[in-house]
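> 3D model of this:
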Amino acid sequence: MKKNGLLVAALSLLLVATVSCDKTAPVPFVSPIGFETVTLGEMGYLKESPFNEDGLLCENNYNAEWNAWKGFACSSLVDSVTSGYTNDLSVSAGKAYLGEKFAVVYEDSAVCKFSNNGEYKIKGLYVTNSTYAYLDMKNGSAYSKKFGAGDWFKVIIKGFSATNVLLGTREVYLADFRDGKTTLLNTWGYVSLEEAIPAKVQRLEFYFDSSDKGDWGVNTPKYVCIDNILVVR
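Okay, the predicted model is just below:
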């Protein structure tokens, strides 16, 4: 019986060693999407067409007649002091989070999705205000108010499956003057999606809301800059 016990123990150790040495199982790794391979125009941005970075397709709706766009643009513009809509592709932080390029998201229902229709876990991403939105909230404009006590502006990130199931929602305050706070983001901040959107997603959609509203909805310029989306492959 003692010999049989030793044999079983030896076989068990061999099985553990065999399993732990199995090289065929895929090992997940985090792949940052930083938009550095996107080709920009001579003005330092791309707002006229969709773009694909490492399998993530960023959608864009461009109107050539009005030179107007919504959805996703890619930019390297870092003018943090010029106010107004003509500077809508600059980042308030004065630099990309990493490298030289970042994405600018404008208007509700902006979509980025995995182009192979696959689903991946997204750990998080980095966000900050665009210069346009930041200075509008800081100083006010003809169309929007200067933020004061009680005001707020947020981006709402929704994750969907390939079968269009809403998997979770994460709200991020880009400005928050409630309850004595004076937050007006002009530096890059990390936003974790691991708890709010724990499942693998096929796409993210972006929406905006603000305390500053009028007859036509939100008055605050509906922009956010994003960089370094962390995807688990």
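> quick one: least confident helix or strand in the chain?
helix 2-20 (a mean of 42; mean pLDDT, DSSP states H and E).
> next secondary structure after that helix?
For helix 2-20, the succeeding helix or strand toward the C-terminus, using DSSP states H and E, is strand 30-33.
> paired strands for that next one, with orientation please.
strand 223-232 (antiparallel) (DSSP bridges).
> mind listing what's buried in the partner strand?
Neighbour-count burial for strand 223-232 flags 223-231 (criterion: 16 or more other CB atoms under 10 Å). (Glycine included, C-beta is placed from N, CA and C.)
> ditto for stretch 44-58
Buried, per 16+ other CB under 10 Å, within stretch 44-58: 45-47, 50-51, 53-54, 56-58.
> just the residues you listed now: which is nearest Lys145?
Lys47 (26.8 Å; CB to CB).
> just give me the closest of the buried residues of strand 223-232 to Leu167.
Leu167 lies nearest to Val231 out of the buried residues of strand 223-232, by CB to CB, at 14.9 Å.
> OK, contacts around that closest one?
30-33, 54, 56, 120-123 (CB atoms under 8 Å, 6 or more residues apart in numbering).
> check Leu89 too.
45, 47, 73, 75, 77, 104, 130.
> the third one looks like it's in a strand, true?
Put plainly, it is Ala73. Yes - counting by DSSP: H, G, I helix; E, B strand; the rest coil, Ala73 is part of a strand.
> close enough to count as contact, it and Glu107?
No - applying CB atoms under 8 Å, one finds Ala73 not in contact with Glu107, separated by 11.0 Å.
> which one's more surrounded, these two?
Comparing Ala73 with Glu107 by other CB atoms under 10 Å, the one with more neighbours is Ala73, at 28 against 16.
> related to what we said a few turns ago, now tabulate the buried residues of strand 223-232 in CSV and tack on distance to Asn67 and pLDDT.
CSV is the format used below for the buried residues of strand 223-232 (distance: CB to CB, whole Å; pLDDT from 0 to 100):
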residue, distance to Asn67, pLDDT
Tyr223, 17, 98
Val224, 21, 98
Cys225, 20, 98
Ile226, 23, 98
Asp227, 25, 98
Asn228, 29, 98
Ile229, 28, 98
Leu230, 33, 98
Val231, 32, 98
